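[1] coordinates only, no sequence provided:
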């Protein structure tokens, strides 16, 4: 969004900001829906959404299960994707800086 705004694409940056706000509202709605359990199922545990990979987890799970999630294929795959994306962003900004010099 910042790059779009700096490049003069204020409309696109604004649209992207609206999309982010909608996604945050949807995440909050989903999180709230997890806490509103039917009384017939009160014995079930509350679940949370992993901020990295989006998987559901039970916060009071044992340590072994939490470690298993963090070391799992889905979670580690998202971590790698985010690292590569960050590296590409850095390379892209370095190229645009070098081109402007």
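    Yep, it's here. Everything quoted here is computed from the prediction, not taken from an experiment.
[2] can you tell me the closest non-neighbouring residue to residue 30?
    Closest residue to residue 30 apart from its sequence neighbours, by Cβ to Cβ, 6 or more residues apart in numbering: residue 49 at 6.9 Å. The way it works is simple: take the backbone N, C-alpha and C, and place the C-beta from them, glycine included.
[3] so where's this protein shaky on pLDDT?
    For the chain, applying pLDDT under 70 flags the ranges 35-45, 94-101.
[4] what are the boundaries of the strands in it?
    Ranges of strands in the chain, per DSSP state E, are 48-49, 56-57.
[5] of all these, which one comes closest to residue 89?
    Taking Cβ to Cβ, strand 48-49 is the member of those nearest to residue 89, at 24.6 Å.
[6] could you list the domains of this structure?
    Split into domains by automatic domain parsing, the chain comes to 1-36, 47-101.
[7] circling back: switch the strands of the chain over to TSV; also include mean neighbour count.
    Shown next, in TSV, are the strands of the chain (neighbours: other Cβ atoms under 10 Å):
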stretch	mean neighbour count
strand 48-49	14
strand 56-57	13
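[8] and of the ones you listed, who's closest to residue 29?
    Short answer: strand 48-49, nearest of the strands of the chain by Cβ to Cβ, at 11.6 Å.
[9] in its sheet, what does the closest one sit against?
    Strand pairing for strand 48-49, determined by DSSP bridges: strand 56-57 (antiparallel).
[10] give me the contacts around the partner strand.
    Strand 56-57 has contacts (Cβ atoms under 8 Å, 6 or more residues apart in numbering) with 34, 47, 48, 49, 50, 66, 69.
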